[in-house]
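> Whatever this is, show me its structure:
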Amino acid sequence: MSSSEINSVDMGIRRGRSQRLHGSIAQEIGTAILTGAYAPGDLLANEVDFSERLSVSRTAYREAVRILAAKGLVSSRPKAGTRVNARSSWNFLDPDILRWIFENGPPSPAFVRELFELRQIVEPAAAALAAARHTKAELAEMRTALELMGRHGLGVEEGRNADRVFHETILRATRNEALGTLASGIAAAVRWTTLFKARDGRMPRDPVPEHAKVLDAIGAGDAEGARRAMETLVGLAFQDIRSVDPRLIDESV
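Numbering: from 1, shown residues only. A predicted model of the protein is given here:
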């Protein structure tokens, strides 16, 4: 390996370490915001104090703040400092924010209910559009995802990843760019709620048959059938999570 190639590899390793550090700092501060340690309107400590407290460089701290700003959690202005935004600015569908919420303990019943309300609004309509607009490649991708879900089950990571791909592909198959921007967030919500209800390694029931009905309707070009099948799928998914979390017993979609 030439010296230039060695330098390139070394730079890549250092860049990777730097990105992991930025992400770790962003997660620490982001989790503190999401759990209420910092309230909307609070001013974070200046970068010098924060950097010293976390034993990181000021550059690493600034990069972490940029990550949080992109997620809507904070706003940073010269001389004014970094302030926590109002909750209405937070991007709750950001995959990282969802991960921080679910990894920090059971999310609030209200938040879980809101995720399912969002899914019930978006996904049935997306399934109907996908029935009319999907490509052969997207249909094949959904079929492969369904097969992997059936083979592995949603109690393990391979099955959950397949479930994520299934839902994400439906949103992409709408050929609607605005809906497509929701794909990663909806898929992350599906993954984390599934992980939450299967946290003991078992699912309350097998959800594959409902997914198969959605796929069959999409494949047949049956928009209304796809809509109804997805409404049933999301409704049963909420019933599943209620069955493993007594706090949700009085919640409804």
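> Check residue 16 and give its pLDDT.
For residue 16, the model assigns a pLDDT of 41.
> residues near residue 164, how many?
By other CB atoms under 10 Å, the residues close to residue 164 number 22. Glycine gets a C-beta too; all of them are placed from N, C-alpha and C.
> Low-confidence stretches in this structure?
Within the chain, the stretches falling below the threshold (pLDDT under 70) are 1-19, 201, 249-253.
> Where does the most centrally placed residue in it fall, secondary structure wise?
Central residue of the chain (CA atoms, centre = their mean): residue 188, 2.5 Å from the mean position. Here residue 188, judged by DSSP states H and E, is contained in helix 183-197.
> returning to what we had before: list the contacts of the residue lying closest to the residue nearest to the centre of the chain once chain neighbours are set aside.
Using CB to CB, 6 or more residues apart in numbering and skipping the chain neighbours, the partner closest in space to residue 188 is residue 95 (3.9 Å). Residues in contact with residue 95 (CB atoms under 8 Å, 6 or more residues apart in numbering) are 184, 185, 188.
> pretty sure residue 165 is in contact with residue 147, am I right?
No - here residue 165 does not reach residue 147: they are 11.2 Å apart, not a contact under CB atoms under 8 Å.
> more neighbours, those two?
Set residue 165 next to residue 147 and count neighbours by other CB under 10 Å: residue 165 wins out with 18 against 12.
> Name the nearest residue to the more buried one, ignoring sequence neighbours.
residue 145 (4.4 Å).
> which stretch of helix or strand covers the one you found?
helix 136-152.
> For whichever helix or strand comes after the helix holding residue 188, list every residue counted as buried.
Next in sequence after helix 183-197, counting helices and strands by DSSP H and E, comes helix 208-219. For helix 208-219, the neighbour count (16 or more other CB atoms under 10 Å) marks 208, 210, 211, 212, 213, 214, 215, 217, 218, 219 as buried.
> could I get those residues as JSON lines with distance to residue 76?
Formatted as JSON lines, the buried residues of helix 208-219 follow (distance: CB to CB, whole Å):
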{"residue": "208", "distance to residue 76": "46"}
{"residue": "210", "distance to residue 76": "44"}
{"residue": "211", "distance to residue 76": "42"}
{"residue": "212", "distance to residue 76": "48"}
{"residue": "213", "distance to residue 76": "48"}
{"residue": "214", "distance to residue 76": "43"}
{"residue": "215", "distance to residue 76": "45"}
{"residue": "217", "distance to residue 76": "47"}
{"residue": "218", "distance to residue 76": "44"}
{"residue": "219", "distance to residue 76": "48"}
